[in-house]
Structure formats: C-alpha cells, structure tokens
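Peer 1: the following comprises the amino acid sequence and a computationally predicted model.
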Amino acid sequence: MAIAGAVFLHAAAAAVVLWTPAPSGAQLPGVGGIEISLGPAGGAPGSDAQDSPEPQEAKPVEPIETVEAVTPEVPVEAVPVEPVVPDAVAIEPVKAVEERPRDPLPVPPKVVRPKAAPPPKPVETAAVAPAPVRTPPPAVAGAQGKAGTKDAKETGSGDNSQGGGQAGAAADYMSVLQAWLEKHKEYPRSARLRRIEGAVLLYFSIDRDGRLLAYRIERSSGHRMLDTETIAMINRAQPLPPIPGDMSRDKLEVVVPVQFSLK
C-alpha cells in the first residue's frame, strides 16, 4: 500500500508540469502589449524570430482512486506479568509431646495350685489270692451271715468260734466277690488278638447292701485296653454281693487283682 501511494504522488506532479505553457517572450508593461524578442548576442540582424512552440495540450489525467493509507498495526507490547509470589504461610512450631509414664503392666495373679490331698489312711482290706478257690453261692453266704448274726444276738457276745469266726467269714466273702467279678469280666478282643496280657489292681468300696460307692485303678496293667475293661467290669458287676452280717461292717473297702491271661 505504501508503494502505490508514492507512485500516485509522482504521477500527479508530472501532470502539472506538462500542463503549464512555457512563456514565449518577455512582456513589458506599458508598451502596448507588443512582444519583443531578444535574439542571441552577436546574431545576424533581421532574422526572424523563432516561433515559440505551441503549448501541448495536457491529456486529462484520469482520476485515481484515493487509497487510504493503511495505518500499520502497532505491535502490542507484551506486558510483563509479575510472578505471583505465594503468601508465606507461617508454620507453627511442632509442640513436643510430653511422654506420659506408662502404666505398669498388671502382674498376673499367682496360680495357687491345690495341695495334693494326703493319701488315704490304710484301711483294713482283705488280700484276695488270684488262685481259684471253691466258693459257695451268694445265697448260701447270705444265709450264713444271717445265721451268724442270729447266733451273735442270741449269745450276746458274738462268739467268733461259730462258723469259723469273723476272719473265716471275711475270707469266704472275698472268695464270693472274686467269683462274682470273674463272672462279669470280659477279655478285650483286640488284646486277645495281639496276645496282650496283664494284671490290674482294682480298688472299690461298697455298702452293706453291695452298692458301689467308689472305685479306681490302684495300679495300671500298662495296657490301656485292659485298664478300660477293668472299669467296665466293676460297673457291670454292681450291685455286688452284700456284706455278711457276721462281719459287723456297714462299709467295706477292697483291693483285688484282676488278671488277664491267655494261658
């Protein structure tokens, strides 16, 4: 656009120069408008004055559209952006945590073990021999006990000489108990197949009527299946034969061996 504007201005100036006519000679005022031509110095006199060239008509100049000067765009200066500085945050100092004394751990209570019960005082027990002996039936033993009691009441002194005395009655009763227990004893099948043998020492107590009051294994056979069978035997055997009257006892404690033999 700037170049087009410059061309237009130069063209207009040229047109003005061409259109203005050049003067033919000096016109002196007051001479009646007569033109006087001055020839060149030293020229021959009487030479005709040269005709001045006719002015050329200037060609009409076509109007040129005026082009508005374009204002150059002013570059926008970059506005410097101030960096945003974050506000400083005041950091609170960390308070030291006071250590609290720890509570002492609770002391576990001492376990007071119960003192072992003192062993029972030895009671009068009748040792039963494992060898089989001839035993009368329980009914006969009961009849003998009643007879012995009746004789004791009649005599008033309980003479021990009748019926073998109290010692004889106790021996007879032990034989009865042994036979009764053997009747209810069973040899465990698994022990028989494995040919396991042994002897269990059994303790039990009964009242006068033969009711079982307590029982336990005094000495193990070393084989659990034989010990288990011994406990099962004493439970199957109750009630046991009653205590004979001539023994003068309301309670009897007995320790008997229970044999398990394959011979």
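Peer 2: Arrived safely, thanks for sending.
Peer 1: confidence score at the residue nearest to residue 243 when sequence neighbours are not counted?
Peer 2: Of all residues not flanking residue 243 in the chain, residue 208 sits nearest, at 4.9 Å (Cβ to Cβ, 6 or more residues apart in numbering). Quick note: C-beta positions are derived from backbone N, CA and C, even for glycine. For residue 208, the pLDDT comes out at 92.
Peer 1: I'd say residue 208 and residue 251 touch.
Peer 2: Yes: Residue 208 is in contact with residue 251 according to Cβ atoms under 8 Å; the separation is 7.4 Å.
Peer 1: so where is the stretch 101-250 of the chain shaky, pLDDT-wise?
Peer 2: Filtered on pLDDT under 70, the stretch 101-250 of the chain yields the residue ranges 101, 103-166.
Peer 1: okay, now the sheet partners of the helix or strand that residue 205 is a member of, with direction.
Peer 2: Using DSSP states H and E, residue 205 maps to strand 198-207. Sheet partners assigned to strand 198-207 using DSSP bridges are listed as strand 212-219 (antiparallel), strand 251-260 (antiparallel).
Peer 1: need the ones you listed in CSV (columns: distance to residue 194 and mean neighbour count).
Peer 2: Conversion of the strands paired with strand 198-207 to CSV gives the following (distance: least, Cβ to Cβ, whole Å; neighbours: other Cβ atoms under 10 Å):
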stretch, distance to residue 194, mean neighbour count
strand 212-219, 21, 13
strand 251-260, 12, 18
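Peer 1: now residue 187: phi and psi?
Peer 2: phi -80, psi 120 (degrees, to the nearest 10).
Peer 1: distance of it relative to residue 174?
Peer 2: Counting by Cβ to Cβ, to the nearest Å, the separation of residue 187 from residue 174 is 23 Å.
Peer 1: the two - which one has more neighbours?
Peer 2: residue 174 (20 against 15; other Cβ atoms under 10 Å).
Peer 1: correct me, but residue 251 touches residue 206?
Peer 2: Yes: counting by Cβ under 8 Å, residue 251 touches residue 206, with 7.3 Å between them.
Peer 1: which residues are in contact with each of those two?
Peer 2: residue 213 (Cβ atoms under 8 Å, 6 or more residues apart in numbering).
Peer 1: residue contacts, the spatially closest residue to residue 219 that is not a sequence neighbour?
Peer 2: Excluding the flanking residues, the one nearest residue 219 by Cβ to Cβ, 6+ apart is residue 201, at 3.8 Å. Shown in contact with residue 201 (Cβ under 8 Å, 6+ apart): 217, 218, 219, 255, 256, 257, 258.
Peer 1: what's across from residue 201 in the sheet?
Peer 2: residue 219, residue 257.
Peer 1: got the contact list for the helix or strand containing residue 225?
Peer 2: Secondary structure from DSSP H and E places residue 225 in helix 224-237. Helix 224-237 has contacts (Cβ under 8 Å, 6+ apart) with 180-181, 183-188, 190-191, 196, 198, 200, 202, 204, 212, 215, 217, 220-221, 258, 260.
Peer 1: go again with 6 Å.
Peer 2: 180-181, 184-185, 188, 191, 198, 200, 202, 204, 215, 217, 220-221, 258, 260 (Cβ atoms under 6 Å, 6 or more residues apart in numbering).
Peer 1: in PyMOL, select just the buried ones from those residues.
Peer 2: Burial among these is assessed by 16 or more other Cβ atoms under 10 Å; the matching PyMOL selection reads:
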select buried, resi 180+181+185+188+191+198+200+202+204+215+217+221+258+260
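Peer 1: right, I'll leave it there.
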